[in-house]
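*Asks:* here you go, sequence then predicted model.
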Amino acid sequence: MRFFIVFLVGALFGTGIVLSGMANPAKVLNFFDFAGSFDPSLAFVMAGALSVAAPGYALLFRMRQKPLFDQTFRLPKASAMDAKLIGGSAVFGIGWGIAGFCPGASIPALGLGHASAAIFVAALLVGILIARRLAKADFFADAGGRAG
């Protein structure tokens, strides 16, 4: 049952990404093109997502002590803004700005047959593997963040 629910939630997310146009890298890149063909629709998609997610989380934590399919909610414990967080955010933003895909939108874009999505996902997986190896080697410890 758990995997069916996960599949359903992923399908709902992917459908939202496709219907909103965010699986189209040109639409996303136009959001960043302030001097040219600026398209503010990404901001509206984000605002819509936040307007649903924020009250949803608040309600969820008031109503439930634990999730349906796990023993506890798994929330981030770290709250500090350190070099690891800032560096990772910068890499994420630069990649998003160059490719027009974020990791969440790249998966539905694969289903639409975008060749650039396949290249992006391959690069994403390589980046994840490199980051994991660097974390195991304690590479990030000197950057103000804990490895791991």
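*Replies:* Cool, got the structure. None of the values given here were measured: they were computed from a predicted structure. Numbers count the residues shown, from 1 in each chain.
*Asks:* tell me what the strand or helix carrying Leu134 is packed against?
*Replies:* With the criterion set as DSSP states H and E, the secondary-structure element containing Leu134 is helix 115-136. Helix 115-136 sits against helix 83-99, helix 103-111, with contacts defined as 3 or more C-beta pairs under 8 Å, 6 or more residues apart in numbering; DSSP states H and E. Glycine gets a C-beta too; all of them are placed from N, C-alpha and C.
*Asks:* let's go with 10 Å and repeat that
*Replies:* helix 25-31, helix 83-99, helix 103-111 (3 or more C-beta pairs under 10 Å, 6 or more residues apart in numbering; DSSP states H and E).
*Asks:* tell me what the shortest one is packed against?
*Replies:* With contacts defined as 3+ C-beta pairs under 10 Å, 6+ apart, helix 25-31 has these neighbours: helix 41-63, helix 83-99, helix 103-111, helix 115-136.
*Asks:* the last one to helix 103-111, inter-axis angle?
*Replies:* For helix 115-136 and helix 103-111, the angle between their directions (axes from the mean of the first three to the mean of the last three C-alpha atoms, to 10 degrees) works out to 140 degrees.
*Asks:* quick check: which ranges of the protein have low pLDDT?
*Replies:* Low-confidence regions of the chain, defined here as pLDDT under 70, cover residues 140-148.
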